[in-house]
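*Asks:* quick one: sequence and predicted model below, then my questions.
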Amino acid sequence: MSDLDRQIEQLKKCEPLKESEVKALCLKAMEILVEESNVQRVDAPVTGECASRAWHYEAICLYVLETSFTQRAQNNMFWSIFIVVEADPICGDIHGQFYDMKELFKVGGDCPKTNYLFLGDFVDRGFYSVETFLLLLALKVRYPDRITLIRGNHESRQITQVYGFYDECLRKYGSVNVWRYCTDIFDYLSLSALIENKIFGVHGGLSPNISTLDQIRIIDRKQEVPHDGAMCDLLWSDPEDIVDGWGLSPRGAGYLFGGSVVTSFNHANNIDYICRAHQLVMEGYKWMFNSQIVTVWSAPNYCYRCGNVAAILELDENLNKQFRVFEAAPQESRGAPAKKPAPDYFL
Amino acid sequence: MEVEVDDNDLKAAGAELLTEGRRGIRIHGWEVHSRNCSILTSSTLELWGEKLQTSHLPEMIFGDSCLVLKHIKSGTKIHFNAFDALLGWKQEALPPVEVPAAEKWKFRSKPSQQVILDYDYTFTTPYRGSETIEIDATKHEREGVSEETYNLQWEDCKEKIDVATLAPKEPILFYDEVILYEDELADNGVSLLTVKVRVMPSSWFLLLRFWLRVDGVLMRIRDTRMHCIFGDNANPTILRESCWRESTFQSLSAKGYPSDSAAYADPSTINERLPIVMHKSEVLKVPGNF
């Protein structure tokens, strides 16, 4: 077993790596990520080319349960010639909820058998940002073509210092070196993905400075997320029902975009719809503007108290879509603090 | 881990915990009950938007969560819920607070058809609790509505909550914390409305806190505390103290306090240092039977 495989196994048990291992991993990841485009191409699953890429486990069980051996023989459906039906998931925010991400992998299938696209926000808020991000990064280094990680607004030095990842690194390693290695890697993460030229994946949304994908391709992304401009918008903006064109947030910074903006963007770039994350949705996903944009949220029971379900969007080789909704890992399977706070003599 | 209350403590105080899955306690003629639920579904959220006439609500509304303190004999009910708090937000309608990045954004070229939204995204509320008197319809031979919203007769007073009586020398028989709503201000800080309650053998005490931090800009705490000492009197009194505090990050840093948001993850660390903008004490004599 290679070092990397061993590290992946270790991370799957939610055990963090040594500081020196993190450093080496980040260096390797940098070499891979630097080659990626700002609009990273993702292919849809390939059908039937490989027997090991089998049906989803549940699908096989159901098929076997519901048919007799004779029926299967008549249908010419023996294991050896099962037609491979593969579906690749797009995933939204994870926010350090490691044990819930394991639920996600249970639902979506293991990487590398299944090809994953994560839309950012791996860190902050949850208790295991370190393990969550390092596992995804180790999978990226081990299987570069089978997992795509793009940048969310939390993959930033400034945001992680306020919302948890910085403190978690300091607590778990006694120094901020691991935070430095990781935030340096954040600068290399791609900004968006394009699936089979038809589905545009991005963390936040659109920008008034961007009307074509080529305009994204020429951004110099290797920097801290700026406070304004196209790169900032892609990671921060939100769709908004009550505006049709562009809306400026009452905070004085942050764009909101309406239905007509999405229509023009999709038309200009010949895409079917936009898949983004960034906003909590109680039901795990939400379509807007006549199915031109969908929000996918993959952190169930967000912050360990919201009680929401999470979802991933699975696409098959014809880009047929299916949302797979899942719940948080059971309390006993993770080391999260208990729900009820201990009585406190507050004043 | 949930802390088990000692049965002997309960017995000695003449109290009993609520049953059938309800969280709470009955003690000295009061029933204190709390409920923690999930955030609202998208469809209920839409419904609330219609009722409150807004398309912007906190992203996490624990709409079915509540804390209720009911004086059984008089039907006087003091309770806390997100809906009433958001009604208060809607009515107060403070002007928006600009984040630091807004300065830069002013120099950005504007897209055509730009709308500037101007609602109070901080969800600041003057909410200090809700009040009802539940009338026992059968006893009064009334029909129809058995619950009405009353303005209880709170009277201004000089008294302050006696902190010494709340020192940790008594056991806590019941404790809970209920989050009513929460918003991350799109990662620009935190807006959080919570209510905590503790019931001891000699009194109940609660703290309703609205806590706002707009990163790099503003800190706001609006606290309402209520304290009710149990006595022999059938008509107990409740002391309510509200204290609103507020400061900009600029003036905090001028006083030598940290100016980075990370230093203020917990409002209790800064609370006492923020200047008071409003303070008032009131007393309520819980009325007799209706």
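*Replies:* Done, it's in. Numbering: from 1, shown residues only, chains lettered A, B, ... in the order given.
*Asks:* okay, now the unreliable bits of chain A?
*Replies:* Residues of chain A meeting the criterion pLDDT under 70: A:46-86, A:332, A:335-341.
*Asks:* could you pull out the helices for it?
*Replies:* A:3-12, A:19-33, A:57-66, A:69-74, A:98-108, A:129-142, A:157-163, A:165-173, A:177-186, A:213-217, A:230-236, A:259-268 (DSSP state H).
*Asks:* just the C-alphas of the first one, formatted as PDB.
*Replies:* Output in PDB follows, covering the C-alpha atoms of helix A:3-12 (Å, rounded to 0.1, in the frame of the first residue of the first chain):
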ATOM      1  CA  ASP A   3       1.700   6.200   1.500                       C
ATOM      2  CA  LEU A   4      -1.100   8.000  -0.200                       C
ATOM      3  CA  ASP A   5      -3.400   5.000   0.000                       C
ATOM      4  CA  ARG A   6      -2.600   4.600   3.700                       C
ATOM      5  CA  GLN A   7      -3.300   8.300   4.300                       C
ATOM      6  CA  ILE A   8      -6.600   8.000   2.600                       C
ATOM      7  CA  GLU A   9      -7.500   5.100   4.800                       C
ATOM      8  CA  GLN A  10      -6.500   7.000   7.800                       C
ATOM      9  CA  LEU A  11      -8.500  10.100   6.800                       C
ATOM     10  CA  LYS A  12     -11.500   8.000   6.100                       C
END
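*Asks:* so for that helix, what gets flagged as buried?
*Replies:* Buried residues in helix A:3-12, counted by 16 or more other C-beta atoms under 10 Å in any protein chain shown: A:4, A:7-8, A:10-12. Quick note: C-beta positions are derived from backbone N, CA and C, even for glycine.
*Asks:* and the residue positioned nearest the centre of chain B, how close does it get to chain A?
*Replies:* Centroid check for chain B by C-alpha atoms, centre = their mean gives B:L208 as the closest residue, at 3.2 Å. Remark: distance between B:L208 and chain A (C-beta to the nearest C-beta, to the nearest Å) = 12 Å.
*Asks:* quick one: strands adjacent to the helix or strand where that residue lies?
*Replies:* Assigned by DSSP states H and E, B:L208 belongs to strand B:203-214. Here strand B:203-214 has these sheet partners by DSSP bridges: strand B:189-199 (antiparallel), strand B:218-229 (antiparallel).
*Asks:* tell me which of the ones you listed is the most buried.
*Replies:* strand B:189-199 (a mean of 24; mean count of other C-beta atoms under 10 Å in any protein chain shown).
*Asks:* need the pLDDT of the closest residue to B:R209 other than its chain neighbours.
*Replies:* Nearest residue to B:R209 in three dimensions, chain neighbours excluded: B:D223, at 5.2 Å (C-beta to C-beta, 6 or more residues apart in numbering or on different chains). pLDDT for B:D223: 98.
*Asks:* mind listing what A:N115 touches?
*Replies:* A:N115 sits next to A:42-43, A:45, A:86, A:88, A:145-147 when contact means C-beta atoms under 8 Å, 6 or more residues apart in numbering or on different chains.
*Asks:* repeat the analysis, applying 6 Å as the threshold.
*Replies:* A:88, A:146 (C-beta atoms under 6 Å, 6 or more residues apart in numbering or on different chains).
*Asks:* what about it, distance to B:I133?
*Replies:* Note on A:N115: its distance to B:I133, by C-beta to C-beta, to the nearest Å, is 62 Å.
*Asks:* check B:E4 too.
*Replies:* The gap separating B:E4 from B:I133 is 35 Å, by C-beta to C-beta.
*Asks:* what of A:I159?
*Replies:* Applying C-beta to C-beta, the value for A:I159 to B:I133 is 48 Å.
*Asks:* neighbour count winner among the two?
*Replies:* With neighbours defined as other C-beta atoms under 10 Å in any protein chain shown, A:I159 and B:I133 compare such that A:I159 has more, 25 against 18.
*Asks:* nearest to chain A: which residue in the stretch 101-250 of chain B?
*Replies:* B:A102 (2.7 Å; C-beta to the nearest C-beta).
*Asks:* and that residue, backbone torsions?
*Replies:* When read as degrees, to the nearest 10, the backbone of B:A102 gives phi -60, psi -30.
*Asks:* who in the stretch 51-200 of chain A is up against chain B?
*Replies:* By C-beta under 6 Å from any C-beta of the partner chain, the residues of the stretch 51-200 of chain A that approach chain B are A:161-162.
*Asks:* counting neighbours, what do you get for the closest residue to chain B within the stretch 51-200 of chain A?
*Replies:* As assessed by C-beta to the nearest C-beta, chain B sits closest to A:V162 within the stretch 51-200 of chain A, at 4.8 Å. Residues near A:V162, counting by other C-beta under 10 Å, number 25.
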